[in-house]
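> After the sequence you'll find the predicted model.
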Amino acid sequence: MELNELERLRVEKLRLLREAGMEPYPARVHRTHSAAEAVAAFEAAEEQGEAAPEVIVAGRIVGIRILGKVAFAHIEDGTGKIQLFLRKNDLGESLYTLFKRAFDLGDFVEAGGPLIRTRTGEISVQVQSLRMLAKAITPLPYPKEYRDEEGNLKRYAAFSDVEERYRQRYADLAVNPEVREIFRKRSLMIRALRRWLDDHGYLEVETPILQPIYGGAAARPFVTYHNQLKQKLYLRISFELYLKRLLVGMYEGVYELGRDFRNEGVSYKHNPEFTQLELYRAYTDLYGMMETAEQLIAYAAREVLGTMQLPYQEHTVDLTPPWRRVALHAVIREGTGIDYRQFPDAESLRAEMRRRGYEAAEEASWGHLVDNLLSEVEPSLIQPTFVYDYPSAISPLAKQKADDPTHVERFELFIGGMELGNAFTELNDPFEQERRFLQQGRAYEAGDEEAHPMDTDYLRAMKYGMPPNGGFGLGIDRLAMLFTDRHSIREVLLYPHLRRKEG
RNA sequence: GGGUCGUUAGCUCAGCCCGGUAGAGCAGGGGCCUUUUAAGCCCAGGGCCGCAGGUUCGAAUCCUGCACGACCCA
């Protein structure tokens, strides 16, 4: 192990501890109270006029102030912080000296003694016994905390280098409590989504991540290989086709919450693997899914944040249902001045887009050009908005509108200027589905690498009869961004993808 | 993929324009200090200045390339 100067000094302290008969990495812990429990126990005793309880607390040292023959330290555990008050008279010469010489910021320790209030009124453990639980060799970049003139808690030189925070997330979490809070909220959010679905007749299921044919979205897959079966396999880009097969199998409502993988660029709202919720429900449609989306997300906000008014970047997002519903052609015309319905082929739409100063790639199909126009509008869709009626060409799994087969019953949900969800009245006509797959095949031939592949087993399932149904997919990471007011998906992923770096 | 910016001590940063061989605060080390909470005071340390090359008597500083990251655009 290569050690720097600071680490070598701490290794020397390991020796000091062992010489004093104190094992730096013992197996047993004798904690009687968490930090929060100790504080509560003291306050309860104080209120009852009883003697202060004796406790043993355990945690990481996050602050030390040595004043001579007396010292103060704060330790932190999963419930919060508590102060240790150490006196030479209480600990004895040798243990007190060992504390001064061998205990550092970042060490996990155990301290026992009665609870007291110090002169400044802070509830503290007046330490009689002290053990090392795990000596830290590498110093954690603990910031200093202080209160400014207005009394706001400020931090001095906090560990904030974005790259290092992601590469060493453990250190980030250890020293930045607000980062821990992001992932706590994320977990509560996912729990709330599950609870709502479980309470509304959805069955949670698990479907293959390794798939012989990928599908359910427009994206390039990661490819892998099964050696024994001598078979190419894809990491799933969505759960859609496997979940809808289950409706053929007579489940009325199913959902899956898990990881999708898309072999595409990284951005503030894209990571190659991301978490998705997909749900499907028989005997409903696009409009049922709009209500489901509203109820589900509003419920999670109420449970996790206690409010429907979310501060997001410089905006306040109001999640109170019902949400705005606007047709795709209308929202695009509103934002760009182009009514794409007047330009029904790629050539004329491309010309019109260029005339208005928008980029339009030569090889882009009509459907993709429409999608490009939507991207122009996307950042302005801050309040929850269902954009509905999408071109069939870019929606091979959705049912066409009865009065306009060039469009399908599909919506995308936008909140905070991001696409959060996608839903259809699901296509359940096997012959139409076959035509769509063939159409996608032609698009692939024409150079669209994201075109949907043919899936004959899916067609076979549909031929047995698939009930009319609605489906909705929700980007969990982006919802977490919204709930925690983070502008980057990496802030809501514990281990975001980074390029490898030597050393 | 393109553009802009960044990378200096364990952490947070200054120094770079205008080249002369590296600084601060915190952390760490030694000392004083028996109620502190950014504790205080004194002393002494600590650096492949992202990597490689070029220009120059001399490069953290100027130039080129590369790596990694941030932001914007595609």
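Nice, I can see it. Numbering: from 1, shown residues only, chains lettered A, B, ... in the order given.

> Now do stretch A:295-315: everything it contacts.
A:185, A:188-189, A:192-193, A:195-197, A:316-321, A:382, A:384, A:416, A:474, A:479, A:482-483, A:485, A:487 (C-beta atoms under 8 Å, 6 or more residues apart in numbering). Heads up, the C-betas are built off the backbone N, CA and C, glycines and all.

> If we use 7 Å, what do you get?
A:185, A:188-189, A:192-193, A:196, A:316-321, A:382, A:416, A:482-483, A:485, A:487 (C-beta atoms under 7 Å, 6 or more residues apart in numbering).

> tell me which element the closest residue to A:Ser395 other than its chain neighbours falls in.
Excluding the flanking residues, the one nearest A:Ser395 by C-beta to C-beta, 6 or more residues apart in numbering is A:Val408, at 4.5 Å. Using DSSP states H and E, A:Val408 sits in strand A:404-415.

> Can you spell out which helices and strands pack onto that strand?
Judged by 3 or more C-beta pairs under 7 Å, 6 or more residues apart in numbering; DSSP states H and E, strand A:404-415 is in contact with helix A:286-305, strand A:385-391, strand A:400-401, strand A:418-425.

> picking that back up, report whether the expected contact of the residue nearest to A:Ser395 with A:Leu397 is present.
No: contact criterion C-beta atoms under 7 Å: A:Val408 and A:Leu397 do not qualify, at 8.8 Å.

> So for A:Leu105, what's the pLDDT?
Residue-level confidence at A:Leu105 comes out at 94, pLDDT.

> The one 3 residues further on now?
The score at A:Phe108 is 97. That number is its pLDDT.

> got the contact list for it?
A:58-60, A:133-134.

> buried sites along stretch A:190-208?
A:190, A:192-194, A:196-197, A:202, A:207 (16 or more other C-beta atoms under 10 Å).

> How about residues contacting that stretch?
Residues contacting stretch A:190-208 (C-beta under 7 Å, 6+ apart): A:236, A:239, A:242-243, A:246, A:251-257, A:277, A:279, A:296, A:299-300, A:303-304, A:476.

> mind checking the end-to-end distance for that stretch?
21 Å (C-alpha to C-alpha, to the nearest Å).

> Rounded mean pLDDT for that stretch, please.
pLDDT averaged over stretch A:190-208 gives 98.

> How is A:Tyr495 assigned, secondary-structure-wise?
coil (DSSP: H, G, I helix; E, B strand; the rest coil).

> is any part of stretch A:120-137 close to RNA strand B?
Yes: interface with RNA strand B: stretch A:120-137 contributes A:120-122, A:124 (C-beta under 7 Å from any atom of the strand).

> Give me the contacts around that stretch.
Residues contacting stretch A:120-137 (C-beta under 7 Å, 6+ apart): A:7, A:10-11, A:13-14, A:17, A:22, A:24-26, A:29, A:38-39, A:42, A:55, A:57-58, A:82-86, A:90-91, A:95, A:99, A:104, A:106-118.

> Same question for stretch A:250-257.
With C-beta under 7 Å, 6+ apart as the criterion, stretch A:250-257 contacts A:190, A:194, A:197, A:201-207, A:239, A:243, A:246, A:277-282.

> Ok, stretch A:173-182 next?
With C-beta under 7 Å, 6+ apart, stretch A:173-182 has contacts from A:140-143, A:158-159, A:172, A:484, A:486, A:491-492.

> before we move on, back to that, ok, so of the residues of stretch A:120-137 next to RNA strand B, who is nearest RNA strand B?
A:Thr120 (2.7 Å; C-beta to the nearest atom of the strand).

> out of everything not next to it in sequence, what's closest to A:Leu369?
Counting by C-beta to C-beta, 6+ apart, A:Leu369 lies nearest to A:Leu349, which is 4.9 Å off, once chain neighbours are set aside.

> Show me how chain A divides into domains.
Here the domain parsing of chain A from automatic domain parsing is A:5-140, A:179-323+A:383-492.

> Just name the most buried of those domains.
domain A:179-323+A:383-492 (a mean of 18; mean count of other C-beta atoms under 10 Å).

> what's the first-to-last distance across it?
In domain A:179-323+A:383-492, first residue to last residue: 9 Å (C-alpha to C-alpha).

> again, but for stretch A:465-476
31 Å.

> what does the stretch 151-300 of chain A have sitting close to RNA strand B?
Residues of the stretch 151-300 of chain A lying close to RNA strand B by C-beta under 7 Å from any atom of the strand are A:156-164, A:166, A:265, A:267-268.

> Just the ones in helices from those, please.
Judged by DSSP state H, the subset of these located in helices is A:162-164, A:166.

> what is the orientation angle of the longest helix along chain A with helix A:286-305?
Ranked by residue count, the top helix of chain A under DSSP H comes out as helix A:177-199. If you take axes from the mean of the first three to the mean of the last three C-alpha atoms, to 10 degrees, helix A:177-199 sits at 140 degrees to helix A:286-305.

> State the next helix or strand along the chain beyond helix A:177-199.
With DSSP H and E, the next secondary element past helix A:177-199 is strand A:203-204.

> Direction included, what does that next one pair up with?
Strand A:203-204 sits in its sheet next to strand A:253-261 (parallel), going by DSSP bridges.

> gap between A:Glu19 and RNA strand B?
With the distance defined as C-beta to the nearest atom of the strand, to the nearest Å, A:Glu19 ends up 14 Å from RNA strand B.

> Give me the distance between the two termini of stretch A:454-474.
Start-to-end, stretch A:454-474 (C-alpha to C-alpha) is 24 Å.

> correction: stretch A:339-347
Start and end residues of stretch A:339-347 are separated by 15 Å (C-alpha to C-alpha).

> can you check stretch A:218-236 too?
Length of stretch A:218-236, first residue to last, C-alpha to C-alpha: 12 Å.
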